[in-house]
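This is a predicted model, with the sequence first.
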Amino acid sequence: MRQPSLSGLISSTACAGAFDPGDASRYLTLIWVPERAGVWLFARNGKWPDSDENDVVVRRWDRCDADLLAAPACRASAHNVTAPGDLDSENLAHNAAAAWYNGSLLLIGGRYNHAGKEFERRNRPERYRQRGVLLYEAPLADAHHAAGLRRSWRTRLLMDGSQAAARHCIEARVNFRGRCQFDGHFSIAARRVGTGREWLLYARANIAGGTPAGAGGRHVQVTRSLISPYGPWSDFELLQFGSWNATDPVLPERNVYLPCVKRHPIGPTGVLLGLFPYYDRARAFIGMAISCDGVRFSELEPFATAPQGLLGRIAHLPVDGWIAQKHSEHVHFFIHHNVPGIVMTGVSSVVRHSVAKAALKNHTGRAMRTLPSCARFFGHVR
């Protein structure tokens, strides 16, 4: 893995707001709302510090711009768009990713409920029935109104635990018996392929049983659909970064997880950009990589620094999504600092890193030239 830092891409850094003490919001997602020329910010929220167990909800801030929570209007617009009672059946507040599709708002995440949580605690075989990938969908008109949205969600099970296993979902932890828990933040990206659109769903993969402390060996896997976000979904594949093959050999102390992958904000059609937290025994950082096929990425290069956290995790996490407006010369990326439950000190806040589009274009061109799958774009990248 290459050592040079991409921090030189960052032209300015600013605080985009801090969460109140005791606010357990984590796993942040940004989505652009064209009708309002602004963004919505989503988070998993619940009991301090890790938004787990009871009363887990999806929280949304819906009057936001590049200043996010630093802007009073955005900060005051927080509301829950799922209800805690949803967990009595099933819920995806655990790790929802957001997207638009045919005029509807989609949230996609790991299936989660009280019964499954209890089964896992007691190591009961019934827990496997509670796993899988769940989709929430609401029409745009309802999505704009939080109170109505809580009543408007239509749910769809994209795949249950057995179906995910049949698609070779990667789960090497012994206690989970090959059934993916899907307990990390999902990311969903859509890109043009020929005359159609391909949907890519990124999720945590566990490629090792873990370190002696019980954690580690996290990586990222992807499944794709050539039809729609409803599927059908392909077999899962592990991501590759440059020459690094995560399974040759498997090193439990090396972790890449909680993916943030989207269509490149300024790149050629079909190109993807990803931010990934990286952790090993020596260092931790938020890395950036480019891909032309959604599986093979360029070398993961440090974009933003981050301290190491608990249990082989990283204290800062990238926000899933960025802001790239046509009239602006910059792309705004966001990092959640001091994520509750991963670190117990410091202020939970969001930091904005602004990158000049010209600098990002130059870096993207260099990265693409290292990838055979990008050869068809060389005429479009200078």
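Yep, it's here. Numbering: from 1, shown residues only.

Is Leu258 located within a helix, as I assumed?
No - counting by DSSP: H, G, I helix; E, B strand; the rest coil, Leu258 is located in no helix; its state is coil.

Wait, it touches Tyr202, no?
No - applying Cβ atoms under 8 Å, one finds Leu258 not in contact with Tyr202, separated by 9.4 Å. To be clear about C-beta, it is placed using only N, CA and C from the backbone, and glycine gets the same treatment.

for the helix or strand where Trp40 lies, packing partners?
Assessed by DSSP states H and E, Trp40 sits inside strand 38-47. Judged by 3 or more Cβ pairs under 8 Å, 6 or more residues apart in numbering; DSSP states H and E, strand 38-47 is in contact with strand 26-33, strand 52-64.

packing partners for the longest one?
Helices and strands touching strand 52-64, as assessed by 3+ Cβ pairs under 8 Å, 6+ apart, comprise strand 38-47, helix 72-75, strand 79-80.

what do you get if the cut-off is 6 Å, keeping everything else the same?
In this structure, strand 52-64 packs against strand 38-47, helix 72-75, with contacts taken as 3 or more Cβ pairs under 6 Å, 6 or more residues apart in numbering; DSSP states H and E.

looking at the helices and strands packed on strand 38-47, which is closest to Ile170?
strand 26-33 (20.4 Å; Cβ to Cβ).

ok, Gly148 - how many residues close by?
13 (other Cβ atoms under 10 Å).

and it, helix, strand or coil?
Here Gly148 is recorded as helix under three-state DSSP.

from what I can see it touches Leu140, true?
No - in this structure Gly148 lies outside contact range of Leu140 using Cβ atoms under 6 Å: 11.9 Å.

Thr305 is nearest to which of the helices and strands packed on strand 38-47?
Comparing the helices and strands packed on strand 38-47 by Cβ to Cβ, strand 26-33 comes nearest, at 18.5 Å.

Give me the below-cutoff pLDDT ranges for the stretch 251-382 of the chain.
Along the stretch 251-382 of the chain, the parts satisfying pLDDT under 70 run over 379-382.

please redo it, this time with the cut-off set to 50
Along the stretch 251-382 of the chain, segments meeting pLDDT under 50 span 381-382.

Look up which helix or strand Asn362 falls in, please.
Counting by DSSP H and E, the element that carries Asn362 is helix 357-368.

now for that helix, which elements pack on it?
Contacts defined by 3+ Cβ pairs under 6 Å, 6+ apart place helix 357-368 against strand 284-291.

Run through who's touching the strand it packs on.
With contact meaning Cβ atoms under 6 Å, 6 or more residues apart in numbering, strand 284-291 is reached by 6, 241, 272-278, 297-298, 300-306, 308, 314, 318, 364, 367-368.

now do 8 Å
By Cβ atoms under 8 Å, 6 or more residues apart in numbering, the list of residues contacting strand 284-291 from outside reads 6, 241, 256, 261, 264, 267, 271-278, 297-309, 314-318, 335, 364, 367-368, 371, 373-374.
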